[in-house]
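Engineer: Quick one, what's the 3D model for this:
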Amino acid sequence: MAIPESAVDFMARQVARVRGIRPRKRIVFPEGADPRILEAAARLAREGLADPILLAKPPASPPAGVVFLQPESSPQADKYAAIYLERRRAKGITRVEAAGIARRPEYFGQLMLAAGDADGSVTNVQFLSGGSLLASLTGAPYTFTMSNAPAGNYTFAATATDNRGVMTTSAVVNVFVLTNAILTSPTWLGNGQFQLYPGISIVSQP
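Structural biologist: Numbering: from 1, shown residues only. All right, here's what the predicted structure looks like:
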């Protein structure tokens, strides 16, 4: 499906606006080990749109401009634990519990925001199909699996909201579901997956 020219123009204006912001915003991604997040962060850095911070072990060849932090061994974890303890003390949280929670990526990222060590993070993702809400997630990883879908044509999109309430919606993806289909010469990928064409794979389920 071709992207409407109005949408292309809108995105170009938004990219130009964001690129002009100085200093660049530090955006933290708790799900930094996800290859899709790594690819997106590399593009953000490459195009000068943000300074991405990924909470994960750095890969063998980390992309330029992307910062990697490992919450479990970060020297900042104690500071973030103290912030969490102060906020949750009335709920009976202990110092030991706060130290463990602060080292979990989804909490570590939000505590970075609270400490002023990052400027933004995704706080909610909604998955939609044909305008209907399928799932609303408030913590990483932001993934959703749709099972037992009847045969037919489906449209999917995702709306992400950041810590300041700013929302953006992805491009619409069209998926056609077949049942009892006969596949000709698929490539076995392992783990129950077959590849039909490059970039298109299916999962075999009982």
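
Engineer: just for this structure, where's the confidence low?
Structural biologist: 1-4, 7, 11, 180-188, 190-206 (pLDDT under 70).

Engineer: Residue for residue, what is the longest helix it has?
Structural biologist: When the chain is parsed with DSSP state H, its longest helix is helix 5-19.

Engineer: Just the CA trace of that one, in PDB.
Structural biologist: These are the backbone C-alpha positions of helix 5-19, laid out as PDB (Å, rounded to 0.1, in the frame of the first residue of the first chain):
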ATOM      1  CA  GLU A   5       1.800  12.100  -0.100                       C
ATOM      2  CA  SER A   6       0.200  14.100   2.700                       C
ATOM      3  CA  ALA A   7       1.600  11.600   5.200                       C
ATOM      4  CA  VAL A   8       5.000  11.700   3.600                       C
ATOM      5  CA  ASP A   9       5.000  15.600   3.800                       C
ATOM      6  CA  PHE A  10       3.800  15.500   7.400                       C
ATOM      7  CA  MET A  11       6.600  13.100   8.500                       C
ATOM      8  CA  ALA A  12       9.200  15.200   6.600                       C
ATOM      9  CA  ARG A  13       8.100  18.300   8.600                       C
ATOM     10  CA  GLN A  14       8.300  16.400  11.800                       C
ATOM     11  CA  VAL A  15      11.700  15.000  11.100                       C
ATOM     12  CA  ALA A  16      13.000  18.500  10.200                       C
ATOM     13  CA  ARG A  17      11.500  19.900  13.500                       C
ATOM     14  CA  VAL A  18      13.000  17.200  15.600                       C
ATOM     15  CA  ARG A  19      16.400  17.400  13.900                       C
END
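
Engineer: Quick one: residues in contact with that helix.
Structural biologist: For helix 5-19, the external contacting residues (Cβ atoms under 8 Å, 6 or more residues apart in numbering) are 47-50, 171. Glycine gets a C-beta too; all of them are placed from N, C-alpha and C.

Engineer: Most neighbours of all the residues you listed, which one?
Structural biologist: The most crowded member of the contacts of helix 5-19, judged by other Cβ atoms under 10 Å, is A50 (21 neighbours).

Engineer: what ranges do the helices span in the protein?
Structural biologist: Taking DSSP H, the helices of the chain run over residues 5-19, 35-46, 77-88, 95-102, 105-115.

Engineer: most packed of these?
Structural biologist: Per-stretch averages of neighbours, counted by mean count of other Cβ atoms under 10 Å, single out helix 105-115 among the helices of the chain, with a mean of 21.

Engineer: Go through the contacts of helix 5-19 and say which is closest to G139.
Structural biologist: A50 (20.9 Å; Cβ to Cβ).

Engineer: where along this structure do the strands fall?
Structural biologist: Using DSSP state E, the strands found in the chain span residues 26-29, 51-55, 67-69, 120-129, 132-137, 152-162, 167-169, 173-177, 187-190, 193-197, 200-203.

Engineer: show me the contacts for F29.
Structural biologist: 37, 41, 52-55, 109, 121-122, 140 are the contacts of F29 under Cβ under 8 Å, 6+ apart.
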